[in-house]
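Engineer: Return atomic coordinates for the entry below.
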Amino acid sequence: MSHKGKKVLFLCSWYPNRKNPTLGNFVQKHAEAVSLLNEVVVLAIIADDTNSSMEIVENKRGALNEILIYYPKKKTSLPLLGSIQAFSQYKKAFSLGMKRVIEAHGKPDLIHLNVIYPLGYFARKLKTKLGIPMVTSEHASGFQAGPNAYPRIILSLAKKVLKSSDCVMPVSKDLGERLKKLAPSITVQVVPNVVNEAIFLPSETPQTAHQFVHISNAFEPAKNVLGMLRAVHQLSKVSSNFSFHIISDGDVTKAHQLARELGILNSFVFFYPTMSTVEIANFVKNCSALVLFSNFENFPCVIPEAWMCGVPVIATTVNGIPEFANDSNSILVEPRNEAQLVEAMQAMLNGKSFDPEELRTYALTHFSYAAVGKQLDEIY
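Structural biologist: Predicted coordinates for the structure are as follows:
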């Protein structure tokens, strides 16, 4: 399939790989959307403590070309870029990856950096070396204050990378404002997460039971799953006609333990390990609502995925969420307000409803591959 448009090099600090198949899956989706109108080569560098030498893995996903470099990580290594040994290995892996990119696909027209840390250091140098433009997408919660906040050394690197970027594309306005505080002169344009409209489809059969679903890969403190479970416990005292499903590849030990202590495990609350995108889509479309009770959040792709299925969202009024979520597609509650979360779920049980067609239309307009792919192409 021949493509017009530019040769875009997607440099990805986070990207799905054999060690972590869901890491940065939203970056992969952006790459797929861009590949509708441009030639895209993905380069991702992954530490692998089972490898004894560098390994190149190349994949073709439709029009998208992926080059993943696995490099041997010694178990004694200090955090990446904090250790000379780790930095040296990372640098070698990046050089090997770039050699392969140029050999197989030629010089790119443009660099699209996805998540500043840790690849931003190399992206900045590559921009200067090749003399081509660079745009940067950012998803990380490390730019927010709190327990996930990046240390000063990473913020210092980020500032330089942001200043070197011709356009900075956060997934929410809130994140963009935080990045502008770090580097006031940057050009910012919000580009939200993208959803594959061909996979996330509305249910063809009417729901017969109330199912709530929560999907995440990181738990405390961001997602406040324990607070969510306490709210489910309170709801279970006044209603029995619902179930709550948690899909996660994170550490659910504490959540599992609390659900057991509250007496709701496997009666009201059910846990599931990692699911594929198709499995998640098939699960979500049969639910009454997606529930997120986050303490902080940029704009997670599970929210537009639910809307694409015609399913409303119950979420907190934090960071980037209220930029897209409102009374027409969601019930918004205050973070940490468990009583409000109980009321929101109770409202759904009592018959509060949203028009599935309107939810999907909104998602198609804002988050479809075609919509986001076009937006990124215009920025390029």
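
Engineer: where does the protein have low pLDDT?
Structural biologist: For the chain, the stretches with pLDDT under 70 are 1-3, 74-82, 218-220.

Engineer: How is it divided into domains?
Structural biologist: According to automatic domain parsing, the chain is divided into the following domains: 7-191, 210-365.

Engineer: roughly how far is the longest one from the heart of the chain?
Structural biologist: This means domain 7-191. Relative to its parent chain, domain 7-191 has a centroid offset of 14 Å by Cα atoms, centre = their mean, to the nearest Å.

Engineer: and what of the last one?
Structural biologist: Distance, stretch centre to chain centre, for domain 210-365: 16 Å (Cα atoms, centre = their mean).

Engineer: got the end-to-end distance for that domain?
Structural biologist: This stretch, domain 210-365, spans 28 Å end to end (Cα to Cα, to the nearest Å).

Engineer: Phi and psi next, for V41.
Structural biologist: phi -120, psi 120 (degrees, to the nearest 10).

Engineer: L68 versus that one, what's the distance?
Structural biologist: Distance of V41 to L68, given as Cβ to Cβ, to the nearest Å: 12 Å. Heads up, the C-betas are built off the backbone N, CA and C, glycines and all.

Engineer: Check E334 too.
Structural biologist: Applying Cβ to Cβ to E334 and L68 gives a distance of 41 Å.

Engineer: Between these two, tell me which one has more neighbours.
Structural biologist: A count of neighbours by other Cβ atoms under 10 Å puts L68 above the other of E334 and L68, at 21 against 12.

Engineer: My assumption is that that one lies in a helix; please confirm.
Structural biologist: No - using DSSP: H, G, I helix; E, B strand; the rest coil, the secondary structure at L68 is strand, not a helix.

Engineer: ok, it touching A44?
Structural biologist: Yes - in this structure L68 lies within contact range of A44 using Cβ atoms under 8 Å: 5.1 Å.

Engineer: and the longest helix for this structure?
Structural biologist: helix 84-105 (DSSP state H).

Engineer: Pull out the CA atoms of it and give them to me as CSV.
Structural biologist: Only the C-alpha atoms of helix 84-105 are listed here, as CSV (Å, rounded to 0.1, in the frame of the first residue of the first chain):
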residue,chain,number,x,y,z
ILE,A,84,26.7,4.8,33.6
GLN,A,85,26.3,1.1,32.7
ALA,A,86,22.6,1.3,32.0
PHE,A,87,23.0,4.6,30.0
SER,A,88,25.8,3.0,27.9
GLN,A,89,23.6,0.0,27.1
TYR,A,90,20.6,2.2,26.3
LYS,A,91,22.8,4.4,24.0
LYS,A,92,24.1,1.3,22.1
ALA,A,93,20.5,0.0,21.7
PHE,A,94,19.3,3.3,20.4
SER,A,95,22.3,3.5,17.9
LEU,A,96,21.5,0.0,16.7
GLY,A,97,17.8,0.8,16.3
MET,A,98,18.5,4.0,14.3
LYS,A,99,21.0,2.2,12.0
ARG,A,100,18.2,-0.3,11.3
VAL,A,101,15.6,2.5,10.8
ILE,A,102,17.8,4.2,8.2
GLU,A,103,18.8,1.0,6.4
ALA,A,104,15.2,-0.3,6.1
HIS,A,105,13.2,2.9,5.7
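
Engineer: May I see the buried residues of that helix?
Structural biologist: By neighbour count on 16 or more other Cβ atoms under 10 Å, the buried set for helix 84-105 is A86, F87, Q89, Y90, A93, F94, L96, G97, M98, R100, V101.

Engineer: In a markdown table: those residues, plus distance to T22.
Structural biologist: Shown next, in a markdown table, are the buried residues of helix 84-105 (distance: Cβ to Cβ, whole Å):
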| residue | distance to T22 |
| --- | --- |
| A86 | 23 |
| F87 | 26 |
| Q89 | 24 |
| Y90 | 22 |
| A93 | 22 |
| F94 | 23 |
| L96 | 25 |
| G97 | 22 |
| M98 | 26 |
| R100 | 25 |
| V101 | 25 |
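
Engineer: show me where the protein has helices.
Structural biologist: 25-34, 84-105, 120-130, 152-164, 173-182, 225-238, 253-261, 277-284, 302-308, 338-349, 356-367, 369-379.

Engineer: Quick check: S203 touching A306?
Structural biologist: No - between S203 and A306 there is no contact under Cβ under 8 Å: 11.9 Å.

Engineer: Compare neighbour counts for those two and give me the winner.
Structural biologist: A306 (30 against 15).

Engineer: out of everything not next to it in sequence, what's closest to the residue of the chain most remote from its centre?
Structural biologist: In the chain, the residue that sits farthest from the middle, by Cα atoms, centre = their mean, is V238; the gap is 34.8 Å. Leaving aside its chain neighbours, V238 sits nearest to Q346 (7.3 Å; criterion: Cβ to Cβ, 6 or more residues apart in numbering).

Engineer: So what's the residue count around the one you found?
Structural biologist: 15.

Engineer: quick one: contacts for K159?
Structural biologist: Neighbour list for K159: L182, A183 [criterion: Cβ atoms under 8 Å, 6 or more residues apart in numbering].

Engineer: what does the one 3 residues further on give?
Structural biologist: Contact analysis of L162 by Cβ under 8 Å, 6+ apart lists I116, T136, V168, L179, L182, A183, I186.

Engineer: Write the ChimeraX selection for whichever of those are buried.
Structural biologist: Selection of the buried residues among these in ChimeraX, burial being defined by 16+ other Cβ under 10 Å:
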select :116,136,168,179,183,186
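
Engineer: Dump stretch 302-319 to PDB, restricted to CA.
Structural biologist: Output of stretch 302-319 as PDB, limited to C-alpha atoms (Å, rounded to 0.1, in the frame of the first residue of the first chain):
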ATOM      1  CA  VAL A 302     -10.500   3.700  28.600                       C
ATOM      2  CA  ILE A 303     -12.900   6.700  28.900                       C
ATOM      3  CA  PRO A 304     -13.300   7.300  25.100                       C
ATOM      4  CA  GLU A 305     -13.300   3.500  24.600                       C
ATOM      5  CA  ALA A 306     -16.400   3.200  26.700                       C
ATOM      6  CA  TRP A 307     -18.100   6.100  24.900                       C
ATOM      7  CA  MET A 308     -17.200   4.400  21.500                       C
ATOM      8  CA  CYS A 309     -19.200   1.400  22.800                       C
ATOM      9  CA  GLY A 310     -22.100   3.600  23.700                       C
ATOM     10  CA  VAL A 311     -21.400   3.100  27.400                       C
ATOM     11  CA  PRO A 312     -21.400   6.100  29.900                       C
ATOM     12  CA  VAL A 313     -18.600   6.800  32.400                       C
ATOM     13  CA  ILE A 314     -18.600   7.500  36.200                       C
ATOM     14  CA  ALA A 315     -15.300   9.400  36.900                       C
ATOM     15  CA  THR A 316     -13.700  12.000  39.100                       C
ATOM     16  CA  THR A 317     -13.300  15.800  38.300                       C
ATOM     17  CA  VAL A 318      -9.500  15.600  38.100                       C
ATOM     18  CA  ASN A 319      -7.000  16.900  35.700                       C
END
